[in-house]
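> Curious how this folds, go ahead:
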Amino acid sequence: MRHTAIPAGVALAACLALPIGAAAQATDETAAQLENDLKHLLTEWIRPMAGLVDMVFEGDISVAAQGDHYLAAIPAYELTVAKVMSMRFGPSDWRMEPAEPGQYLITMSIPEVMGIDAADVGMSGDMTFGDGEMTALVDFETGWMLAHQSHLEDMVQTFDELDNRSTVALFTMGGEHTRTGPGMADIQGEFLYEGYESLDSQFGLSVTADRIATDWAVGDLNIESGARLMRILANLIPDPPQVEPDEEAIAAAFRDMLAEPSLFDTATMGFEYVNLRYAMLGFGVTFEEADGACQMSGFAGELSALECSGAFSLAGVEPLPPLGADLIPSEFAMGVAFEQVPRSAILDALAFAIDGIPTVGEDQAFSDAGLTIATAMGDVGSEVQVRELRIEAPAYSIAADGTLAVSADSPFGVTAQASVTLGRTDHLRQALAVFGDEPALMLEVITAIGRPEVDADGNPILTFDISLTSAGEALVNGEDLQAVFP
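Numbers count the residues shown, from 1 in each chain. Predicted coordinates for the structure are as follows:
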């Protein structure tokens, strides 16, 4: 996965191949119209999140003509999240340059963070920035933010009561939004941290990374459904926050969420870490590299699919365990896919379970739902495919792939086919010797049923072909597993 920060300012328009229009004298009449439009847009953008995110300005927004562009003065404002945490921002200036008809490229100065407060949970903090700016391409005729980019340097965030401090040398965030139909959109974006450090003295936890990057894309996002889901969640937030919402309200909210049309059809998300280190209470783990991705499809239809993969290389563990250090994996990779998932049937079963809780109780309701879902998965041929599993350690290597399918005919509830290979068994035998006789005996049993082969590099390996059949057989290399492990 490759991440490239988009330069802020005018380069945003160039990156999107949207040329900025020829310079023309700004007018007071257009400034007045932009002032009204800007007030309306900010209200509309925040309206769907009311209760989850609320914004209150401490004065009026004003827009003035300035040569060939417009200058908007944004007053100080307070942003409240989930009725618990509030952030107060100082005033900022927005430079608005005409682009395509009805569109403006807006370059925003970074407002000062006046304070972070969550008094109801006993927490307060602060945030500061060095250089930076935010840029957005906005269509005032449709109310759409077509693209945005943020570039912030030397971010510092502190929470006093938690004795927590985080610093970021460079933070960038960008995204694009494309309207695909009435109330529908494709969106994509990314964010990147470079030089990240976080220290929580209260819990003795520190996290550092040279690079943390994430990107995402969502296809056919249902904006109205998303707005309704936000309102449902907002209604669950108690006021005051210490009050627990009643169970009936929670059940009603879940019922409403399950009844909503799908929020999207497709979605992907990827991540990348470089030199990521976790340390807590004297124990530390460092990943030289880690990356992964997930892709979901068909979430607007009857059948859906989900595919995820990831890999990491471990640079070190501190302190090393006195025994079995060679058993710690140095590399790990896995790829899993869920195919033919009956999304609609699963949602219907969960909704039925919620309705049945007052009559049969929570345990029975969800047990019945589980059986219904298993039957539906068997009817459509749902599968779990392990496309890759690879573990490398000084004392062993493991590789596997296989498929597991839901089956009403099998006494196991599933059928499965898998191939597993085990390498470096001599090294593994030596590493296990320090733990006594039992692990060594278990390894001897395993190696006895393995089929000797060699890998692509000519190294000896043991192969295990594993089957779970619809007749209730559990086989390893054609042998009954119960006979091997009675």
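> what residue is smack in the middle of this structure?
Nearest to the mean C-alpha position of the chain, by Cα atoms, centre = their mean, lies M269 at 6.6 Å.
> in the stretch 101-250 of the chain, which ranges drop under the pLDDT threshold?
Flagging of the stretch 101-250 of the chain using pLDDT under 70 yields the residue ranges 119-122, 161-162, 238-245.
> element containing the residue nearest to the centre of the chain, please.
strand 266-280 (DSSP states H and E).
> So for that strand, what gets flagged as buried?
Judged by neighbour count using 16 or more other Cβ atoms under 10 Å, the buried positions of strand 266-280 are T266, A267, T268, G270, F271, E272, Y273, L276, R277, A279. C-beta coordinates here come from the backbone N, C-alpha and C atoms, glycine included.
> Turn the residues you listed into TSV, columns for pLDDT and distance to M184.
Listed next are the buried residues of strand 266-280 as TSV, based on pLDDT from 0 to 100; distance: Cβ to Cβ, whole Å:
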residue	pLDDT	distance to M184
T266	95	12
A267	96	14
T268	96	17
G270	97	23
F271	96	26
E272	96	29
Y273	96	33
L276	95	36
R277	95	42
A279	93	45
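> Looking at those residues, which one is closest to I328?
R277 (15.5 Å; Cβ to Cβ).
> Surely that closest one is in contact with D210?
No - here R277 lies out of contact with D210, judged by Cβ atoms under 8 Å, at a distance of 9.6 Å.
> what about the residue nearest to F57 when sequence neighbours are not counted, neighbour count?
Closest residue in space to F57, ignoring its immediate chain neighbours: Y77 at 4.6 Å, by Cβ to Cβ, 6 or more residues apart in numbering. A total of 20 residues lie near Y77 under the criterion other Cβ atoms under 10 Å.
> Phi, psi for Y77 please.
Phi and psi for Y77, reported as degrees, to the nearest 10, are phi -150, psi 160.
> So it is in contact with D54, correct?
No - the criterion here is Cβ under 8 Å, and Y77 misses it with D54 at 10.3 Å.
> who's in contact with the residue nearest to F57?
Shown in contact with Y77 (Cβ atoms under 8 Å, 6 or more residues apart in numbering): M55, V56, F57, E58, R88, F89.
> Kindly recompute the last result at 7 Å.
Contact analysis of Y77 by Cβ atoms under 7 Å, 6 or more residues apart in numbering lists M55, V56, F57, E58, F89.
> Distance check, it against F412.
Distance of Y77 to F412, given as Cβ to Cβ, to the nearest Å: 59 Å.
> cool, and F264?
Separation of F264 from F412 (Cβ to Cβ): 34 Å.
> ok, the two, which is more surrounded?
Between F264 and F412, counted using other Cβ under 10 Å, F264 has the larger neighbour count: 21 against 14.
> correct me, but that one touches F299?
Yes - F264 is within contact range of F299, at 5.8 Å (criterion: Cβ atoms under 7 Å).
> Would you confirm that D215 contacts T268?
No - applying Cβ under 7 Å, one finds D215 not in contact with T268, separated by 8.2 Å.
> Pull the number of nearby residues for L350.
When neighbours are counted by other Cβ under 10 Å, L350 registers 19.
> quick one: secondary structure of it?
The three-state assignment at L350 reads helix, by DSSP: H, G, I helix; E, B strand; the rest coil.
> Could you do V445 as well?
helix.
> That one and P101, how far apart?
Plainly put, V445 is 76 Å away from P101 if you go by Cβ to Cβ.
> next one: phi and psi at P321?
According to degrees, to the nearest 10, P321 has phi -70, psi 150.
> Local confidence estimate at it?
pLDDT recorded at P321 is 81.
> With L462 instead?
L462 is assigned 95 on the pLDDT scale.
> Please confirm that it is located within a strand.
Yes - using three-state DSSP, the secondary structure at L462 is a strand.
> so which helix or strand takes in S309?
Assigned by DSSP H and E, S309 falls in strand 303-318.
> Could you do T135 as well?
Element membership for T135, per DSSP H and E: strand 132-139.
> Point out where the stretch 351-486 of the chain drops to low pLDDT.
484-486.
> just the helices in it please.
Using DSSP state H, counting those that start in this stretch, the helices found in the stretch 351-486 of the chain span residues 362-380, 425-432, 437-449, 481-484.
> now for the ones you listed, which one comes closest to S419?
Relative to S419, the nearest member of the helices of the stretch 351-486 of the chain by Cβ to Cβ is helix 437-449, separated by 14.0 Å.
> now the residue nearest to F57: how far from P91?
Y77 is 9 Å from P91, by Cβ to Cβ.
> again with C308
C308 sits at a distance of 44 Å from P91 (criterion: Cβ to Cβ).
> and the closest residue to E307 other than its chain neighbours, what element?
Closest residue to E307 apart from its sequence neighbours, by Cβ to Cβ, 6+ apart: A337 at 4.3 Å. Counting by DSSP H and E, the element that carries A337 is strand 331-342.
> Report the angle between that strand and helix 362-380.
With axes from the mean of the first three to the mean of the last three Cα atoms, to 10 degrees applied, the angle from strand 331-342 to helix 362-380 works out at 90 degrees.
> starting at the chain centroid, how far to strand 331-342?
Remark: strand 331-342 is offset 16 Å from the chain centroid, using Cα atoms, centre = their mean, to the nearest Å.
> so what secondary structure elements neighbour that strand?
The helices and strands touching strand 331-342, judged by 3 or more Cβ pairs under 7 Å, 6 or more residues apart in numbering; DSSP states H and E, are strand 303-318, helix 362-380, strand 383-393.
> I'd like these laid out as TSV, including distance to S206.
Shown next, in TSV, are the helices and strands packed on strand 331-342 (distance: least, Cβ to Cβ, whole Å):
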stretch	distance to S206
strand 303-318	12
helix 362-380	40
strand 383-393	26
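> Which of those sits closest to Y193?
When the helices and strands packed on strand 331-342 are compared by Cβ to Cβ, strand 303-318 sits nearest Y193, at 17.7 Å.
> send the alpha carbons of that closest one over as PDB?
Extracted C-alpha coordinates of strand 303-318, given in PDB (Å, rounded to 0.1, in the frame of the first residue of the first chain):
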ATOM      1  CA  LEU A 303     -25.400 -11.700  -0.300                       C
ATOM      2  CA  SER A 304     -22.200 -10.000   0.800                       C
ATOM      3  CA  ALA A 305     -18.500 -10.800   1.000                       C
ATOM      4  CA  LEU A 306     -15.600  -9.700   3.200                       C
ATOM      5  CA  GLU A 307     -11.900 -10.200   2.500                       C
ATOM      6  CA  CYS A 308      -9.100  -9.200   4.900                       C
ATOM      7  CA  SER A 309      -5.300  -9.700   4.800                       C
ATOM      8  CA  GLY A 310      -2.400  -8.500   6.900                       C
ATOM      9  CA  ALA A 311       1.200  -9.000   7.600                       C
ATOM     10  CA  PHE A 312       3.800  -7.900  10.100                       C
ATOM     11  CA  SER A 313       7.500  -8.300  10.800                       C
ATOM     12  CA  LEU A 314       8.500  -8.300  14.400                       C
ATOM     13  CA  ALA A 315      11.700  -6.400  15.200                       C
ATOM     14  CA  GLY A 316      12.000  -7.300  18.800                       C
ATOM     15  CA  VAL A 317      10.400  -8.100  22.200                       C
ATOM     16  CA  GLU A 318      11.800  -6.600  25.400                       C
END
